[in-house]
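A.B. asks: Structure here, sequence nowhere to be found:
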RNA sequence: GGCCCGGUAGCGCAGUUGGUUAGCGCGUCGCCCUGUCACGGCGAAGGUCGCGGGUUCAAGUCCCGUCCGGGUCGCCA
C-alpha cells in the first residue's frame, strides 16, 4: 500500500504518528501562508495543513495526491466536532501529486448543496460516485448482497450460475435478442429470469439453489425499472409454502438488522389477494396509513342515482378534503380519466356535517344522512366514490387512496410495513375471452383447487405469494407444478397446445419425465430493496451504471449503431430459419 | 404508444404583455491573504438560449415539427 492509514480513520490517538495518506483533494482553504486541504479517500477525510504556499497554491479540486506528515491535535478552539477526524490534522511534510484533474463538470465535494441533473451525473458517473451520497448507496447495496450470501450459505444453499445466452422463457415480457454469428438467422434471448433453469436444477437434485442473478426485460421504463436488473433467485425442493416464507423472513430480518440495525418482527402478517383488493384496492397494499376502502354497493342498492347502479360501489375518505378548491377537485377528474375511468364521484362533508358537492343532490335524503357514518368520514372530509366493475373500481380507489396519502402527508417516515399477499388468482381473462396465467404457467394451484382449477379458472387460486414492503412489491414466488398431468391441464386452460408447449419449453417438460421433486421458490428484487433501504427515490441510485428512460447510457453512449461489417458478420439479415417456437 | 413537466454559461437557476448589449449564484482563471472547515477580498473570461422551420419590423419568449431528459398511464413479475 502506498498509504499507512485511511483518511477517515485518524483520531486523537494517532497524534504524534507520522502517516502517509492518499486520496483526492476535496476542499481547499488557502490563506496564503497556510492552507488547509481536505484529503478524501474511501474511508472519509482528514484536514491537511500545508505551510508551503507554492505547494498548496498549485493544487486543484479532485487532484489525486499523497501526503506524508505528522498527525497533530488541532490548536485550541480549532477542532471541528462535526466530523469524525475533526480533532486532528496532518501537518504536511511531503506532498506528491499522483495525478491531476481537469475542471469539474459539476461540484463533487465543494459543500454545495445543489445537485446536478441526472443525465450529467450519469455521464460522469465516476465523478458522481466520488460524492458521499451516491457512494454510500453503493456501499449499502454491497452490504445487502454480502448479508444475503451469508444467510444463504448458512442455510446450506448452493450458489449456481445459469446462462445469460439462452432461449426465450415464457414469462410474457419482451426478450432482448442476441444474433448468433455461428448460426446466422438464429438468436439467443437474454433471460427474463432464471426461472426455468432453477427448476431444472431442482430436477437435478440440487435441492437448495440461490443466485444473485441479472435479469433482462425489454419493456418501457419506470423509476423502479431498468432493462437489466438484479434478483435474489431462490428455489428449494421438498418444501411447502411455509418453508419459503420462513426463509424469506429470515433473510429480510437479517438484512434490516445487519444493514440498518432495525429489528423486524416476524412472522410477517399475511393477507389474501382478495382481502388486499377489498380493503386497499391493490395487490401490494401500503399499510403505513389507514383510510381503507369501504364498499357501499349494498348501501346504495336502491339508489336512484344512475352512476351508483353498478355491480360495485366503493368509497375512500380524504381527511380534510371538504376544503379542497374546485380546481383541485376538477384535477381529480382528470386524474381519474388518465387511469381510464369515467371520473371520480365525490361528496364533501362540511364543518356542520352537511353533505354537499355535485353528487349530493343526486342521492336521496336518507342516503345523504347516513353516508358519512357508513364510510367513517368526519365533518370537513371528502368522500370519493368509484362505481362499476369490482376489480377496476377497487383499483381506482386504491390509486386514489395513495394519491390522498401523498397530498395529505399521511405517510410517516421510517416505517417498515411488510406484508405477505397470498392466494392470488391463478388465471386472469385475456382480451379475446381466454385465460392466461397470472404468474407463469408453472405456478401450481393451491391444493384445494387441484381438482377444479381447469373447470372453474375464474375462481382458482394459485400457490403463490408476494412480499410487499410499504406498498412496493419486493418479491414473489410460488410452489411449482411437478406433476405432468396438472401441468397439461394448465396448458389446456391457457390454450397452449401440446405442440406449442413442447416447442416452447419442451426441455423442461422432458426433464419433468424423470422424477421431478415437489419444489418452489421466490425471487426478491435487489434493486428495489436496496433503493428502499437506502431511502432513495429511484433504483438508478443503487445501480453503479444505470440507464436512462430510453435505454441509453450517457457514459458509454450505448446503444450505438453497428457497422455494415458487424451487421453482416452477426448474420442479422439472414433470412430466418423456420423458428419452431413462435412466440 | 398516450399524457404531463423540463432543456438558457462547466453546474444550479432567473428572464415580465415579444422590444436595446440575455442576468444571478456557484465553479473556472489571475492577483492578494498564517487557523480555515461552504474560508475571505479584488479582478477577468465564459452563451449555436436543445435542433429545424414558421409568424413578426423584432423571438430565449408565440406557433408547428423533431431530439434529449424526468414522471405517469398502457406495457411489464
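C.D. replies: The structure has been received and is ready for your questions. Predicted model only: the values in this text are computed from it and were never measured.
A.B. asks: dump the residue contacts of the one residue in the stretch 451-583 of chain A that gets nearest to RNA strand B.
C.D. replies: Here the residue of the stretch 451-583 of chain A nearest RNA strand B is residue A:549; by C-beta to the nearest atom of the strand that distance is 2.8 Å. Every C-beta, even on glycine, is put in place using the N, C-alpha and C of the backbone. Residues counted as contacts of residue A:549 (C-beta atoms under 8 Å, 6 or more residues apart in numbering) are residue A:221.
A.B. asks: so it sits in a strand?
C.D. replies: No. Counting by DSSP: H, G, I helix; E, B strand; the rest coil, residue A:549 is located in no strand; its state is coil.
A.B. asks: So what's the residue count around residue A:73?
C.D. replies: Counted by other C-beta atoms under 10 Å, the residues lying close to residue A:73 total 14.
A.B. asks: Quick one: residues contacting the closest residue to it other than its chain neighbours.
C.D. replies: Spatial nearest neighbour of residue A:73, excluding adjacent residues (C-beta to C-beta, 6 or more residues apart in numbering): residue A:15 at 5.1 Å. In this structure, residue A:15 makes contact with A:71, A:72, A:73, A:88, judged by C-beta under 8 Å, 6+ apart.
A.B. asks: Next: residue A:173.
C.D. replies: So residue A:173 contacts A:192, A:217, A:218, A:219 (C-beta under 8 Å, 6+ apart).
A.B. asks: Roughly how far does the residue lying closest to it once chain neighbours are set aside sit from RNA strand B?
C.D. replies: Distances taken as C-beta to C-beta, 6+ apart place residue A:217 nearest to residue A:173, at 4.1 Å, with adjacent residues excluded. Residue A:217 sits 5 Å away from RNA strand B, going by C-beta to the nearest atom of the strand, to the nearest Å.
A.B. asks: list the contacts for residue A:217?
C.D. replies: A:173, A:174, A:176, A:192, A:227, A:229.
A.B. asks: so where do the helices sit in chain A?
C.D. replies: For chain A, applying DSSP state H gives helices covering A:53-58, A:118-123, A:125-128, A:132-154, A:195-203, A:241-255, A:273-280, A:326-338, A:365-375, A:390-407, A:484-493, A:498-511, A:526-534, A:564-570.
A.B. asks: what's next to the second one, contact-wise?
C.D. replies: For helix A:118-123, the external contacting residues (C-beta under 8 Å, 6+ apart) are A:105, A:106, A:115, A:128, A:134, A:540, A:545, A:546, A:548, A:553, A:554, A:555.
A.B. asks: Okay, now the unreliable bits of the stretch 51-200 of chain A?
C.D. replies: Counting by pLDDT under 70, the low-confidence segments of the stretch 51-200 of chain A come to A:111-114, A:169-171.
A.B. asks: Close to RNA strand B: what parts of it are there?
C.D. replies: Of all the residues in the stretch 51-200 of chain A, those in contact range of RNA strand B (C-beta under 7 Å from any atom of the strand) are A:51, A:57, A:60-61, A:74-75, A:78-80, A:82-83, A:86, A:89, A:103-107, A:110-120, A:171-173, A:192-193.
A.B. asks: Just the pLDDT at residue A:467, thanks.
C.D. replies: In this model, residue A:467 is scored at 97, pLDDT.
A.B. asks: That one: neighbouring residues, count only.
C.D. replies: Neighbours of residue A:467 (other C-beta under 10 Å): 26.
A.B. asks: Across the sheet, point out what pairs with it.
C.D. replies: Beta-bridge pairing of residue A:467 under DSSP bridges involves residue A:420, residue A:475.
A.B. asks: Let me know the distance separating residue A:288 from residue A:383.
C.D. replies: 22 Å (C-beta to C-beta, to the nearest Å).
A.B. asks: no no, residue A:486
C.D. replies: In terms of C-beta to C-beta, residue A:486 sits 46 Å off from residue A:383.
A.B. asks: between these two, who's got more neighbours?
C.D. replies: residue A:383 (26 against 16).
A.B. asks: so what's the more buried one up against?
C.D. replies: Residue A:383 neighbours (C-beta under 8 Å, 6+ apart): A:315-318, A:321, A:346-349, A:371-372, A:375, A:377.
A.B. asks: lowest average confidence, helix or strand, in chain A?
C.D. replies: helix A:326-338 (a mean of 83; mean pLDDT, DSSP states H and E).
A.B. asks: Mind giving me the packing neighbours of that helix?
C.D. replies: If contacts are counted by 3 or more C-beta pairs under 8 Å, 6 or more residues apart in numbering; DSSP states H and E, helix A:326-338 sits against helix A:390-407.
A.B. asks: And the contacts of the helix it packs on?
C.D. replies: By C-beta under 8 Å, 6+ apart, helix A:390-407 touches A:277-278, A:280-282, A:285-286, A:289, A:291-293, A:310-316, A:318-319, A:321, A:332, A:335-336, A:339-341, A:344, A:384, A:386-387, A:410-411, A:471.
A.B. asks: Only whichever of the residues you listed are buried, select them in PyMOL.
C.D. replies: In PyMOL, a selection of the buried entries from the contacts of helix A:390-407 looks like this (16 or more other C-beta atoms under 10 Å):
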select buried, chain A and resi 277+278+280+281+282+285+286+289+291+292+293+310+312+313+314+315+316+318+319+321+332+335+336+341+344+384+386+387+410+471
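A.B. asks: out of the contacts of helix A:390-407, which touch RNA strand B?
C.D. replies: Here is what survives when these are matched to RNA strand B using C-beta under 7 Å from any atom of the strand: A:339, A:340.
A.B. asks: From residue A:427, how far off is the closest residue to RNA strand B within the stretch 301-450 of chain A?
C.D. replies: Nearest residue of the stretch 301-450 of chain A to RNA strand B, counting by C-beta to the nearest atom of the strand: residue A:439, 4.2 Å away. Counting by C-beta to C-beta, the separation of residue A:439 from residue A:427 is 10 Å.
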